[in-house]
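Visitor: quick one: sequence plus predicted model below, questions after.
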Amino acid sequence: MNTLHPADRLAFDRAVVTEPVWNRFTTARDAFGLAPNVLLHAGPAFAEVDHITQPILNSACVAAVYERLAADFARAEAMIRAGEIVLKPAQDHGVVTPLAAVVGASMPLHAVYDAHRGKVRVYAPINGGGRPSLRLGLRSQAVLDHIRWLNTRFRDVLAAGIGEGIALVPLAAIGMAGGDDCHGRTPVAGKALSDEIEERTRGGIQDAEARAFLHASPSLFLNLWMAGTKCLMRAAEGIEGSSLITAAGGNGREIGIQVSGAPGTWVTAPAAAPVGKFDVDVPSDRALGAIGDSAVVEGFGLGAMAIHLSPGQHDALGAFLPADMPTRRSVLPIGPHPVFGRLDLNLGLAARHMQQANAGAVIGLGIIDRDGEKGRLGGGIYDMPVALAQKALALLPAD
């Protein structure tokens, strides 16, 4: 058992009293003044334009046309390569985005705030469900058409069902108790969310297409829960000496984390591809390196770190888990969360614990095509390098 550092305990305590609530939609332009020519992506920054991975480049081109920065995808790519359109890390702006999805200044974002203090706010785009979507890293008219529908008609349906706000931790607890892992598997929490939106909508949902999409898309909960988890993490930022993980994500080329005691500073390592089973008949080297801000879910102890509570997810990915998974689940997290108290579950991962155990967080991730042609290839497990914990600890004062 690891010795719990007082700074890690303090940061964790601040996180667990946080109450993330989804209460409205906004845009990055209105929420924090994002410039029109800036697009936000998952994970740490790319060192140079030529390092942008193809799926993120594809999504950025679609987003640029959506934002009316470019007339077509080819012009959008030229503007990105020329630096006229700039890509920046989403989490540096309080935004989380899945896989290869990017966020532009005018896109509707779920706004999640801490109802306990009211100071912390986090944002996430609407999940694209099972239709062609930005998160899959495809460059097509179908993706553009879907985000236009998603961000107008479907957004309006969701907005009408928010009411005074929807608390996210209770929905996550319902999901975990019912066999979700709150990352790769979210049907129970997704149903609880869609039922609540339906019940809160005065007169019921009249748009039949949007209603069908709502109830057929359990992954809608994922983006909200990513924002909810990041809200917990942001409330814990800035505790001197704390190694609690407060950011985690990959851009397909690099994986990175931040810790409480060094807010805003990424430490990174090369991103290997998740290990898993392909659903598409392509060579194994088509798998892109770890990508997506959904790693924040595991960075706080759910997702694959809680896979023992999700039989469906364990059946799908159990063969790819590291042999010492039970030990990691035991020694890496800090402690229990009161709302998840009835489950065999501790949350809040500390870089100190990773260094002491010589083991990183285990992350369940979608595997997408590095060439940006096939979209999702399957699902897999990513073993976070211990080197990230060691680099993060080097930023903190010596104990």
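Guide: Done, it's in.
Visitor: which stretch of helix or strand covers Ala159?
Guide: Assigned by DSSP states H and E, Ala159 belongs to helix 155-160.
Visitor: same deal with Asp8?
Guide: helix 6-16.
Visitor: all strands for the stretch 151-300 of the chain, in order.
Guide: Ranges of strands in the stretch 151-300 of the chain, per DSSP state E, counting those that start in this stretch, are 166-167, 245-251, 254-259, 267-270, 275-278, 291-292.
Visitor: wait, which of those strands is closest to Ser219?
Guide: Ser219 lies closest, by CB to CB, to one member of the strands of the stretch 151-300 of the chain: strand 291-292, at 12.4 Å. Placement of C-beta: from N, CA and C, glycine included.
Visitor: partners of the closest one in the sheet?
Guide: strand 245-251 (antiparallel) (DSSP bridges).
Visitor: next, the angle strand 254-259 makes with the strand it pairs with.
Guide: Computed with axes from the mean of the first three to the mean of the last three CA atoms, to 10 degrees, the direction of strand 245-251 lies at 170 degrees from that of strand 254-259.
Visitor: contacting residues around Ala63?
Guide: Shown in contact with Ala63 (CB atoms under 8 Å, 6 or more residues apart in numbering): Leu39, Val102, Val103, Gly104, Met107, Leu134, Ile147.
Visitor: and of those, the nearest to Ala269?
Guide: Val102 (22.5 Å).
Visitor: that closest one reaches Ser59, doesn't it?
Guide: Yes - using CB atoms under 8 Å, Val102 is in contact with Ser59, at 4.8 Å.
Visitor: any shared contact partners between those two?
Guide: His41, Leu134.
Visitor: do you know how far the closest residue to Gly252 other than its chain neighbours is from Ala273?
Guide: Nearest non-adjacent residue to Gly252, counting by CB to CB, 6 or more residues apart in numbering: Thr53, 3.5 Å away. To Ala273, Thr53 is 12 Å away according to CB to CB, to the nearest Å.
Visitor: list the residues that contact both of these two?
Guide: Leu288, Gly289, Arg370.
Visitor: top of those by neighbour count?
Guide: Using other CB atoms under 10 Å as the neighbour test, those are led by Leu288, with 28 neighbours.
Visitor: quick one: it from Phe221, how far?
Guide: Leu288 is 24 Å from Phe221, by CB to CB.
Visitor: one more: Ala357?
Guide: Taking CB to CB, one finds Ala357 at 31 Å from Phe221.
Visitor: quick one, which of Thr53 and Ala273 is more surrounded?
Guide: A count of neighbours by other CB under 10 Å puts Thr53 above the other of Thr53 and Ala273, at 25 against 21.
Visitor: fine, thanks again, bye for now.
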